[in-house]
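Undergrad: Please find the sequence and the predicted model below.
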Amino acid sequence: MNTEILGILAMFIITLIIGILLGKYIADIYGNKKTFLDPVLQPVENFIYKISGIRPNQQMTWKQNMFAMLTINLVWFIIGFFIVLNQSWLPMNPDGNPDMSPDLAFNTVISFLVNCNLQHYSGETGVSYLTQLYLMFLQFVTAATGMAAMAVLFKAFKEKTTTQLGNFYDFFTKSITRILIPISIVVAFILSANGVPMTFEGKDHITTLEGQKAEVSRGPAAAFVAIKHLGTNGGGFFGTNSAHPLENPNYFTNMTEMVTQMIIPFALVFALGFYLNKKKLSWVIFSVMTIGFIALTVPTVINETNGNPLITHMGASNDLGAMEGKEIRFGSAASAYWSIATTVISTGSVNSMHDSMMPLSGMNQLLAMMINCFYGGCGVGILNYFVFIILAVFISGLMVGRTPEFMGKKVEAKEMKIAMIVALFHPFLILTGTALTAYFPEFGANTLNNPGFHGFSEILYEFTSSAANNGSGFEGLGDNTPWWNISTGVVLLFSRFIPIIGPIAIAGLLAQKKYIPESSGTLKTDTATFGFMTLAVILLIAALSFFPALTLGPIAEQLHYFSK
């Protein structure tokens, strides 16, 4: 067991080291500074700008940046919807997988478009290789969309007073060419070298040790898995995601995928400090996020490594921990660590079945997505955290009698209204969807394999995962129905774009205000005290919003079955 804990610590430390170095590199890219890849990639980018008509030096306001983001996403949705509705007769379908129904097509394309990858189908049988490639394309562009939006936020606080916040298309293109593609190539080579398939041939026909004939699905999985983790997307090439032996063959690939999915969320926190020359602020933000992450991870690892007490009472050995739904090649500790990491950063990939974990472990996974700002996804983690900074600045200023300011700009009523709308819209989507589904049996109860407290948790998890752009699930749920496909699809749309547009609107409004030099009356935001205040605001909003729902689900399940 000590070896398993050392493996977790090694994964975190390696991620942190790479994240700091990558953060400096990302800050240089968005700051238009020279990097070592300029001689190779600058001509490629110039060619892209030339054929697409992009003028990278043309500055945009925050509204123009957001309009560009929305229109280009609409185009990708239309193309993807056509492909999944017609994949049966389109090329690159050697296994003859059928077309999707309209409601499933809507959910699938929306899900990959918004960085969620909530899959109501099984990858082996649900989509063709052409669809997989298009979904892989979406995993690049959706990650770059969040990163480009975050770069606009950076730009808003770089100048003292401005309305010109960079160029979305420039930030977007460089996010793909300079960051996502190079790292994905390295990761894909590592995975391919360790047994993850990379082929366009159809199913392989094998004979088992028992002499039975079997068909094994394969495909261009190595490339897909690399960007699914790097871009905090999470969609599985195979139905069981990274628990599948062809997506994640051994402990080394498990470490590789774990580090890969966390490096950009880590790096973007440090990129903020390097870009604005406020490294202390970055460390305060990272420390708050890490405290939250540890507070969720430690009890989850303890829960899973201690095993299920009901199994112990039956006289069975629990030495390996609670191993139901887990892979022996990873173990209970690494599986528990992955389950929290993948929910705090909105990747949503799994190397074990979350539905099989202990009730309080499931609660921690839910909390990670409900809070939705401890590291977070590519770019959007910073945007979500920024909303809580604004709330903390305003509340702190009122408490101590100081003017609410952030980065030399007054935080006033308009910014507070937007911040509150964004902060409360997240629980509104989750709780409204859960309540409607639980109330109507044909939508909720009739789709559950697990009645009672755990069944409620499955419903709550599905909407929480959708609203957090996560994509993982409690898979005792029969979610491929018109209600689930359409309702979660709508939640996916709102929960993706409102939390991006809101913070960028706040940043744009603050950027155009007059800069106020720091004085003795200024509330410092790069101190441990303010970091604690921000954490308190985050936890207060999460506790008030979600505690009743958690009480009906995982807490009630824990008390009913494991506290006797």
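TA: In hand now; what should we look at? This structure is a prediction, so every number in the text was calculated from the model and none was measured.
Undergrad: contacts, neighbours, all on C-alpha from now
TA: Fine.
Undergrad: Which parts of the stretch 401-550 of the chain are strands?
TA: For the stretch 401-550 of the chain, applying DSSP state E, counting those that start in this stretch gives strands covering 405-406, 409-410.
Undergrad: what's the closest of the ones you listed to H229?
TA: Of all the strands of the stretch 401-550 of the chain, strand 405-406 sits nearest to H229, with 32.9 Å by CA to CA.
Undergrad: wait, what's in contact with V259?
TA: With contact taken as CA atoms under 8 Å, 6 or more residues apart in numbering, V259 is in contact with 11-12, 14-15.
Undergrad: got a pLDDT number for it?
TA: According to the prediction, V259 has pLDDT 96.
Undergrad: Distance of it relative to I541?
TA: Distance, V259 to I541, by CA to CA, to the nearest Å: 30 Å.
Undergrad: In strands, which of the contacts of V259 appear?
TA: Using DSSP state E, no member of the contacts of V259 falls in strands.
Undergrad: In those residues, which residue is surrounded by the most others?
TA: Neighbour counts for the contacts of V259 (other CA atoms under 10 Å) peak at T15, which has 23 neighbours.
Undergrad: Could you look up the SS state of the residue lying farthest from the centre of the chain?
TA: Distance from the centre of the chain peaks at G211, with 42.6 Å (CA atoms, centre = their mean). With DSSP: H, G, I helix; E, B strand; the rest coil as the basis, G211 sits in coil.
Undergrad: what do you get for F200?
TA: Per three-state DSSP, F200 ends up coil.
Undergrad: Begin at 27, not 1, for the rest of this chat.
TA: Let's use 27 as the start, then, which means that last one is F226.
Undergrad: Who are the contact partners of it?
TA: 118, 155, 245-246.
Undergrad: Distance check, it against T551.
TA: 52 Å.
Undergrad: shaky segments in this structure?
TA: 27, 546-547, 590 (pLDDT under 70).
Undergrad: on that earlier part again, turn the contacts of V285 into TSV, columns for distance to G149.
TA: Putting the contacts of V285 into TSV (distance: CA to CA, whole Å) gives the following:
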residue	distance to G149
M37	28
F38	30
I40	31
T41	29
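Undergrad: which one among these gets closest to D54?
TA: Closest approach to D54 among the contacts of V285 (CA to CA): T41, at 19.8 Å.
Undergrad: so the closest one touches Q287, yeah?
TA: No - judged on CA atoms under 8 Å, T41 makes no contact with Q287 at a distance of 9.2 Å.
Undergrad: which residues are in contact with stretch 448-466?
TA: 396, 413-414, 469-471, 482, 485-486, 489-490, 493-494, 513, 517, 521, 524-525, 528, 571-572, 575.
Undergrad: can you check stretch 501-515 too?
TA: Counting by CA under 8 Å, 6+ apart, 129-130, 132-133, 136-137, 146-147, 379-381, 459, 469, 473-476, 484-485, 488-489, 492 sit against stretch 501-515.
Undergrad: what does stretch 548-560 give?
TA: With contact meaning CA under 8 Å, 6+ apart, stretch 548-560 is reached by 306-308, 310-311, 313-314, 414-415, 418-419, 422-423, 428-432.
Undergrad: what's the spacing between the nearest residue to I530 once chain neighbours are set aside and F420?
TA: Nearest non-adjacent residue to I530, counting by CA to CA, 6 or more residues apart in numbering: L179, 6.1 Å away. Distance, L179 to F420, using CA to CA: 19 Å.
Undergrad: Which one's more surrounded, the two?
TA: Comparing L179 with F420 by other CA under 10 Å, the one with more neighbours is L179, at 26 against 23.
Undergrad: Around N495, how many other residues sit close by?
TA: 34.
Undergrad: repeat for A321
TA: Neighbour number of A321 under other CA under 10 Å is 12.
Undergrad: Now it: which helix or strand?
TA: Element membership of A321, judged by DSSP states H and E, is helix 305-332.
Undergrad: which secondary structure elements does that helix contact?
TA: The helices and strands touching helix 305-332, judged by 3 or more CA pairs under 8 Å, 6 or more residues apart in numbering; DSSP states H and E, are helix 277-302, helix 357-370, helix 385-397, helix 554-576.
Undergrad: Could you pick out the buried ones from the contacts of stretch 448-466?
TA: Neighbour counting with 16 or more other CA atoms under 10 Å marks 396, 413-414, 469-471, 482, 485-486, 489-490, 493-494, 513, 517, 521, 525, 528, 571-572, 575 as buried within the contacts of stretch 448-466.
Undergrad: quick one: the nearest residue to S308 once chain neighbours are set aside from K200, how far?
TA: Spatial nearest neighbour of S308, chain neighbours left out: G299 (5.0 Å); criterion: CA to CA, 6+ apart. Using CA to CA, G299 is found at 19 Å from K200.
Undergrad: how about the helices in the stretch 477-590 of the chain?
TA: Here the stretch 477-590 of the chain has its helices, by DSSP state H, counting those that start in this stretch, at 478-493, 508-537, 554-576, 582-588.
Undergrad: winner for burial among those?
TA: Ranked by mean neighbour count, these are led by helix 478-493 with a mean of 26 (mean count of other CA atoms under 10 Å).
Undergrad: Measure how that one sits relative to helix 385-397, angle-wise.
TA: 30 degrees (axes from the mean of the first three to the mean of the last three CA atoms, to 10 degrees).
Undergrad: So the residue lying closest to T368 once chain neighbours are set aside: helix, strand or coil?
TA: Spatial nearest neighbour of T368, excluding adjacent residues (CA to CA, 6+ apart): G374 at 5.1 Å. With three-state DSSP as the basis, G374 sits in coil.
Undergrad: what about G374, neighbour count?
TA: 33.
Undergrad: Show the contacting residues for it.
TA: 142-143, 258-261, 368, 491, 496-498.
Undergrad: Let's see stretch 117-125 as CSV, backbone CA atoms only.
TA: Written as CSV, here are the backbone C-alpha positions of stretch 117-125 (Å, rounded to 0.1, in the frame of the first residue of the first chain):
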residue,chain,number,x,y,z
PRO,A,117,-16.3,6.3,-45.4
MET,A,118,-14.0,4.9,-42.6
ASN,A,119,-16.6,2.6,-41.1
PRO,A,120,-15.1,-0.9,-41.4
ASP,A,121,-17.2,-2.4,-38.6
GLY,A,122,-20.5,-1.1,-40.0
ASN,A,123,-21.6,0.9,-37.1
PRO,A,124,-25.1,2.5,-37.6
ASP,A,125,-26.2,6.1,-37.7
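Undergrad: Pull out the buried residues from stretch 330-345.
TA: For stretch 330-345, the neighbour count (16+ other CA under 10 Å) marks 330-334 as buried.
Undergrad: Check these and tell me the two furthest apart.
TA: Top of the distance list for the buried residues of stretch 330-345 (CA to CA): T331 and N334, 8.9 Å.
Undergrad: what residues do the two have in common as contacts?
TA: Contacts common to T331 and N334, judged by CA under 8 Å, 6+ apart, are 347-348.
Undergrad: now the helices of the stretch 477-590 of the chain in JSON lines, with distance to L322?
TA: Formatted as JSON lines, these follow (distance: least, CA to CA, whole Å):
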{"stretch": "helix 478-493", "distance to L322": "16"}
{"stretch": "helix 508-537", "distance to L322": "23"}
{"stretch": "helix 554-576", "distance to L322": "12"}
{"stretch": "helix 582-588", "distance to L322": "17"}
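Undergrad: Among those helices, which comes closest to V406?
TA: Using CA to CA, those put helix 508-537 closest to V406, at 6.8 Å.
Undergrad: and the angle for that closest one with helix 478-493?
TA: 50 degrees.
Undergrad: Return the backbone torsion pair for the most centrally placed residue in the chain.
TA: Centroid-nearest residue in the chain: S372, 2.0 Å away (criterion: CA atoms, centre = their mean). Main-chain torsions, S372, degrees, to the nearest 10: phi 60, psi 20.
Undergrad: The nearest residue to it once chain neighbours are set aside: neighbouring residues, count only.
TA: Ranked by CA to CA, 6+ apart and with sequence neighbours excluded, the top spatial neighbour of S372 is N496, at 4.2 Å. N496 is flanked by 34 other residues according to other CA under 10 Å.
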